[in-house]
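A.B. asks: coords below, sequence missing:
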C-alpha cells in the first residue's frame with residue numbers, strides 16, 4: 001500500500017511541476033524572471049496553509065518579506081499572494097491581522113502589490129474583514145473572491161463601495177450545495193455575471209481564469225469599459241494563449257506557487273481541471 005501511495009505521489013509531482021516552480025524562493029524567482037522576460041508580471045505564493053506552529057508562521061512571513069525585497073534585484077515585476085491560515089488565522093484573528101500588517105510594512109517600502117488568497121467558506125468573513133482593515137491603510141492590496149459561492153455577488157457589491165481590488169476566481173474548495181453552486185454551468189454563469197459587474201463598477205482587478213470563453217468575454221467587456229485590469233493564470237497552464245494576450249496589449253500575471261507543501265494544492269488543481277486529471281491518467285499509463 002505504501003509503495004502504491006509513493007508511486008502515485010511521484011506521478012502527481014510529475015504533473016504538479018507544470019505549475020509549481022520548485023521548493024525554494026530562488027526557484028520561484030527564477031520562474032518569475034522567465035515570466036517577466038515573456039512580458040508578464042508575476043504573483044508568487046508560498047505553498048502551505050493552516051499553520052499553527054509559531055515557527056511555521058514566522059518562516060512563512062520571513063519568506064514573503066524576502067521575496068518582496070528580491071523583486072528589484074531579480075529584475076522582476078511582481079507581487080505576492082498570502083493565505084490567511086498560513087500566517088496565523090488558524091490560531092486567532094488578532095495574530096493573523098498583526099502578521100499581515102508586518103508583511104504590508106515590508107511591501108510598502110517598494111510599493112509591492114499584495115493579494116489575499118481566499119480559502120474555504122469557513123474563512124470568508126474573516127478574510128474580508130482583514131482585507132477591509134488593511135486596505136484602509138495600504139491601497140496596493142487585493143482580495144480573491146470565488147464565483148462558486150452564492151454569497152459572492154453581495155460580497156463584491158459591498159467591497160466595490162470602498163474601491164476594493166478584486167481577483168475573481170472560480171473557486172477550488174469543496175463546499176456544501178446550500179452555499180455554493182456545484183455545476184460548471186452555474187459557476188460559469190455566476191463568474192460571467194460577477195465579471196460584468198467588475199467591468200461596469202470596478203477598477204484594477206484580476207480576471208483569474210483559464211476558460212477561453214470567459215477570456216473572450218473579458219476582452220469584449222474591455223472594449224466597452226476602459227478599466228485597469230489583468231488576466232491572471234497559473235504558470236504552466238494555457239501557455240499557448242499567453243503570448244497572444246501579451247501581444248494584443250493585455251496585462252497578464254502568472255501565478256507562481258512554490259514550496260514543499262505541493263500535494264494538497266495540486267489535488268485541488270486536479271479536481272478543478274478535468275484536463276489535468278486526463279494528463280495524470282496518461283502519465284500513469286505511459287509510465288506503467
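C.D. replies: All right, it came through fine. For clarity, every value in this text was computed on a predicted model and none was experimentally measured.

A.B. asks: so what pLDDT did residue 172 get?
C.D. replies: pLDDT, residue 172: 83.

A.B. asks: Would you tell me what helix or strand it is located in?
C.D. replies: Per DSSP states H and E: residue 172 is located in neither a helix nor a strand.

A.B. asks: what about it, neighbour count?
C.D. replies: A count of neighbours around residue 172, defined by other C-beta atoms under 10 Å, yields 18. Backbone N, C-alpha and C define where each C-beta goes, glycine included.

A.B. asks: Next: residue 27.
C.D. replies: Neighbourhood size, residue 27 [other C-beta under 10 Å]: 15.

A.B. asks: separation between it and residue 95?
C.D. replies: From residue 27 over to residue 95 the distance is 29 Å, taken as C-beta to C-beta, to the nearest Å.

A.B. asks: likewise residue 242?
C.D. replies: Applying C-beta to C-beta to residue 242 and residue 95 gives a distance of 38 Å.

A.B. asks: So between those two, which is more surrounded?
C.D. replies: Using other C-beta under 10 Å as the criterion, residue 242 and residue 95 rank with residue 242 on top: 20 against 15.

A.B. asks: Contact partners for the residue nearest to the more buried one when sequence neighbours are not counted?
C.D. replies: Leaving aside its chain neighbours, residue 242 sits nearest to residue 252 (6.0 Å; criterion: C-beta to C-beta, 6 or more residues apart in numbering). Residue 252 sits next to 39, 40, 41, 230, 231, 232, 233, 242, 245, 246 when contact means C-beta atoms under 8 Å, 6 or more residues apart in numbering.

A.B. asks: and if you look at residue 97?
C.D. replies: Contact partners of residue 97, counting by C-beta under 8 Å, 6+ apart, are 130, 133, 134.

A.B. asks: Return the subset of those residues lying in strands.
C.D. replies: Among the contacts of residue 97, no residue falls in strands (DSSP state E).

A.B. asks: before we move on, back to that, who does the residue nearest to residue 242 form a beta bridge with?
C.D. replies: Under DSSP bridges, the beta-bridge partners of residue 252 are residue 231.

A.B. asks: how close does it get to residue 150?
C.D. replies: Note on residue 252: its distance to residue 150, by C-beta to C-beta, is 30 Å.

A.B. asks: Equivalent analysis for residue 177, please.
C.D. replies: In terms of C-beta to C-beta, residue 177 sits 10 Å off from residue 150.

A.B. asks: The two - which one has more neighbours?
C.D. replies: Neighbour count, other C-beta under 10 Å: between residue 177 and residue 150, residue 150 has more, with 16 against 9.

A.B. asks: tell me the contacts of the more buried one?
C.D. replies: Applying C-beta under 8 Å, 6+ apart, the residues contacting residue 150 are 179, 180, 181.

A.B. asks: residues near the second one, how many?
C.D. replies: Around residue 180 there are 21 other residues, counting by other C-beta under 10 Å.

A.B. asks: Ok, the first one next?
C.D. replies: Under the neighbour criterion other C-beta under 10 Å, residue 179 is assigned a count of 12.

A.B. asks: Please verify my assumption that it contacts residue 146.
C.D. replies: No. Using C-beta atoms under 8 Å, residue 179 is not in contact with residue 146; the gap is 10.7 Å.

A.B. asks: where along the stretch 101-250 of the chain do the helices fall?
C.D. replies: Applying DSSP state H, counting those that start in this stretch to the stretch 101-250 of the chain gives helices spanning 124-135, 152-160, 184-201, 212-224, 242-247.

A.B. asks: With residue 35 as the reference, name the closest of those.
C.D. replies: Closest to residue 35 of the helices of the stretch 101-250 of the chain is helix 242-247 (C-beta to C-beta; 9.1 Å).

A.B. asks: name the helices or strands packed onto that closest one?
C.D. replies: With contacts taken as 3 or more C-beta pairs under 8 Å, 6 or more residues apart in numbering; DSSP states H and E, helix 242-247 sits against strand 252-258.

A.B. asks: For residue 77, which residues are in contact?
C.D. replies: Shown in contact with residue 77 (C-beta under 8 Å, 6+ apart): 36, 41, 42, 71.

A.B. asks: nope, residue 246 is what I was after
C.D. replies: Taking C-beta under 8 Å, 6+ apart, we find residue 246 in contact with 38, 39, 40, 252.

A.B. asks: Same question for residue 214.
C.D. replies: Here residue 214 is in contact with 188, 191, 192, 195, 207 (C-beta under 8 Å, 6+ apart).
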